[in-house]
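Peer 1: my questions are about this predicted structure, shown below with the sequence.
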Amino acid sequence: MADNMLGTLAKWLRVAGADCAYADGMVDDDLLKVASSGRLVLTRDRLLAQRCGPMGLYVGSDRLDEQLLQVVRAFPGLLEGEPLSRCLVCNVPVEDTGPDQVKGRVPEGVLERHERFWSCPDCDRVYWMGTHWEDMLARLESIKERAGEGQG
Ligand SMILES: [Zn+2]
């Protein structure tokens, strides 16, 4: 349960184009490698966060908004990446593609309404900037605003 909550957080950060790993199904040594390669590691293990050094972040809250706020305050530049640039599942960069390439892989209505698509080279998932994404990005924007408040 707790790790799933971090999975949700990681997914949201990937929405914003951030590159991050979280401590679910990965052994500590692997996470330490991730951290030493300059990528963010989210964990509920305070000790592990310390061992990861500057790229380790201990996440205490169960609430997504609080978690996002904590991450943005710790790593202000993290949400400045390009949205829709990473696969939410694989965390690998997605590739630009067009309507012709995704025909049959997305619903017809989506194909009619959108011109830009992205696909994941690893799992073949197709992404597009639907209202769901717009809602998520709007929520991230409001988190960024909150993070900017009260920091002088
Ligand atoms: Zn993928």
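Peer 2: That came in fine, so what should we check first? Numbering: from 1, shown residues only.
Peer 1: surely residue 70 is in contact with residue 64?
Peer 2: No. At 10.6 Å, residue 70 does not count as touching residue 64 under the criterion of Cβ atoms under 8 Å. All C-beta spots, glycine's among them, are computed from the backbone N, C-alpha and C.
Peer 1: more neighbours, the two?
Peer 2: residue 70 (18 against 15; other Cβ atoms under 10 Å).
Peer 1: restricting to C-alpha, output the helix or strand hosting that one in PDB.
Peer 2: Taking DSSP states H and E as the criterion, residue 70 maps to helix 64-74. Provided in PDB are the C-alpha atoms of helix 64-74 (Å, rounded to 0.1, in the frame of the first residue of the first chain):
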ATOM      1  CA  LEU A  64      -0.400  13.100  -3.200                       C
ATOM      2  CA  ASP A  65      -0.600  16.900  -3.000                       C
ATOM      3  CA  GLU A  66       1.700  16.900   0.000                       C
ATOM      4  CA  GLN A  67       4.100  14.500  -1.600                       C
ATOM      5  CA  LEU A  68       4.300  16.600  -4.800                       C
ATOM      6  CA  LEU A  69       4.800  19.700  -2.700                       C
ATOM      7  CA  GLN A  70       7.600  18.100  -0.800                       C
ATOM      8  CA  VAL A  71       9.300  17.000  -4.000                       C
ATOM      9  CA  VAL A  72       8.900  20.400  -5.700                       C
ATOM     10  CA  ARG A  73      10.400  22.200  -2.600                       C
ATOM     11  CA  ALA A  74      13.300  19.800  -2.500                       C
END
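Peer 1: quick check: next helix or strand after that helix?
Peer 2: strand 95-97.
Peer 1: wait, does that following strand make contact with the ion?
Peer 2: No. Against the ion, strand 95-97 shows no contacts by Cβ under 5 Å from the ion, the least distance being 10.7 Å.
Peer 1: next SSE after that strand?
Peer 2: Next along from strand 95-97, by DSSP H and E: helix 99-102.
Peer 1: what packs against that next one?
Peer 2: strand 117-119 (3 or more Cβ pairs under 8 Å, 6 or more residues apart in numbering; DSSP states H and E).
Peer 1: the strand it packs on near the ion at all?
Peer 2: No. Applying Cβ under 5 Å from the ion, one finds that strand 117-119 is not in contact with the ion, the shortest distance being 8.6 Å.
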